[in-house]
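Asks: coordinates only, sequence not included:
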């Protein structure tokens, strides 16, 4: 039993004990008070103490004994043993019980009342304690599952990056080699952009969500590298309001994943260029590209889009990626996240 479980049980014991004592004492008070002047306050305090005692016994048993059946046997057994001192307590604080035995043939009911009362009280306490423990364990289990999901997601994300970098780096170095022989000045700028791109992938590998402006800047570097390679066969446009850049967040690599997906699944040339646009509408980024079918469709399972969809589900507990395809256009809308989501996922 964890410290959190103990605190929850003790808190419930302190709150519920006076309430249960009031329910137990009230019928006695209403019946007995018709003939005698009973000190209701003393009885209330006594039964509150009894209730706390029952709670503390069961909390201790939860801490030291794991077997449920053994815990129940010891709990009821202990309370049966201590019921005799409880009867003496009743007699000491409420001598009227013995007077009633002498005056009324029904008085023996009051002699057995402590036993009945404490057994019923113990049953209620055990039920409440079990409910609290089960709820806490369910919460812990769910938290562990969520943590495992996040770790699995991070592993998938790292796998995606590891798949991207060797292939992308090879192509980038090939492009750089060509530029060096053709245009050294352009090659220098390309090298700096590639350096910034790779530096970002290293610094962001442990991040889940980043500010939108960081993702946009990273995406611009990525596009610069792609544009240098594909020249007039690839065009990219942004249409985003400045206000959202610093107030919204997005899963890391989200835009790069969608642009890479468009490049991978289309056949484009200078005569039929690929056109990709990123715009803003109704708290969403809209990534849109024209469809240029390949003669041999890609056999890829689409790990990038699937990974992004799973990441949104983990981060926000709901779908955040919406795909639409027409005859000529492939459109993906992704939800923007508030800044507090970014902070909570660090």
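Replies: Thanks, I have it. No experiment lies behind these values; they were computed from the predicted model shown. Numbers count the residues shown, from 1 in each chain.
Asks: just checking, what packs against whatever helix or strand residue 11 lives in?
Replies: Following DSSP states H and E, one finds residue 11 within helix 3-32. Judged by 3 or more C-beta pairs under 8 Å, 6 or more residues apart in numbering; DSSP states H and E, helix 3-32 is in contact with helix 40-64, helix 108-182. C-beta here means a position set from N, CA and C on the backbone, and glycine is covered the same way.
Asks: deepest of the ones you listed, which one?
Replies: Mean neighbour count (mean count of other C-beta atoms under 10 Å) peaks for helix 40-64 among these, with a mean of 18.
Asks: List the buried residues of the following helix or strand past that one.
Replies: Toward the C-terminus, helix 40-64 is succeeded by helix 68-81 as the next helix or strand (DSSP H and E). Within helix 68-81, the residues scored as buried using 16 or more other C-beta atoms under 10 Å are 71, 72, 74, 75, 78, 79.
Asks: And these, which is the shakiest by pLDDT?
Replies: Confidence by pLDDT is poorest for residue 79 among the buried residues of helix 68-81, given 84.
Asks: close enough to count as contact, that residue and residue 120?
Replies: No - using C-beta atoms under 8 Å as the test, residue 79 is too far from residue 120 to be in contact (10.7 Å).
Asks: For the residue nearest to the spatial centre of the chain, which non-adjacent residue is closest in space?
Replies: Nearest to the mean C-alpha position of the chain, counting by C-alpha atoms, centre = their mean, stands residue 146 at 5.5 Å. Nearest residue to residue 146 in three dimensions, chain neighbours excluded: residue 314, at 7.6 Å (C-beta to C-beta, 6 or more residues apart in numbering).
Asks: what's the answer for residue 179, then?
Replies: Nearest one to residue 179, counting by C-beta to C-beta, 6+ apart, is residue 187 at 3.8 Å.
Asks: Distance-wise, check residue 80 relative to residue 177.
Replies: 88 Å (C-beta to C-beta, to the nearest Å).
Asks: Check residue 188 too.
Replies: The value you get for residue 188 to residue 177, if C-beta to C-beta is used, is 14 Å.
Asks: How far does stretch 45-57 sit from its chain's centre?
Replies: Centroid displacement of stretch 45-57 relative to its chain, using C-alpha atoms, centre = their mean, to the nearest Å, is 37 Å.
Asks: Ok, stretch 191-203 next?
Replies: 32 Å.
Asks: contacts for it?
Replies: With contact meaning C-beta atoms under 8 Å, 6 or more residues apart in numbering, stretch 191-203 is reached by 161, 165, 169, 172, 176, 218, 221, 222, 224, 225.
Asks: what's the answer for stretch 117-128, then?
Replies: 12-13, 16, 20, 24, 47, 50-51, 54-55, 58, 72, 75-76, 79-80, 83, 86.
Asks: that older thread, so which of the buried residues of helix 68-81 is the closest to residue 236?
Replies: residue 71 (66.4 Å; C-beta to C-beta).
Asks: Hmm, residue 210 is touching residue 250, no?
Replies: Yes - taking C-beta under 8 Å as the definition, residue 210 is a contact partner of residue 250 at 6.8 Å.
Asks: any low-confidence regions in this structure?
Replies: Where the chain drops to pLDDT under 70, the residues are 1, 24-40, 42, 84, 86-114, 156-168, 296-303, 340-346.
Asks: Could you chop it up by domain?
Replies: 3-141, 183-344 (automatic domain parsing).
Asks: distance between the ends of the first one?
Replies: End-to-end distance for domain 3-141, by C-alpha to C-alpha, to the nearest Å: 16 Å.
Asks: Please work out which residues outside stretch 62-71 touch it.
Replies: Under C-beta under 8 Å, 6+ apart, the answer for stretch 62-71 is 1, 5, 6, 9, 58, 61, 74, 129, 133.
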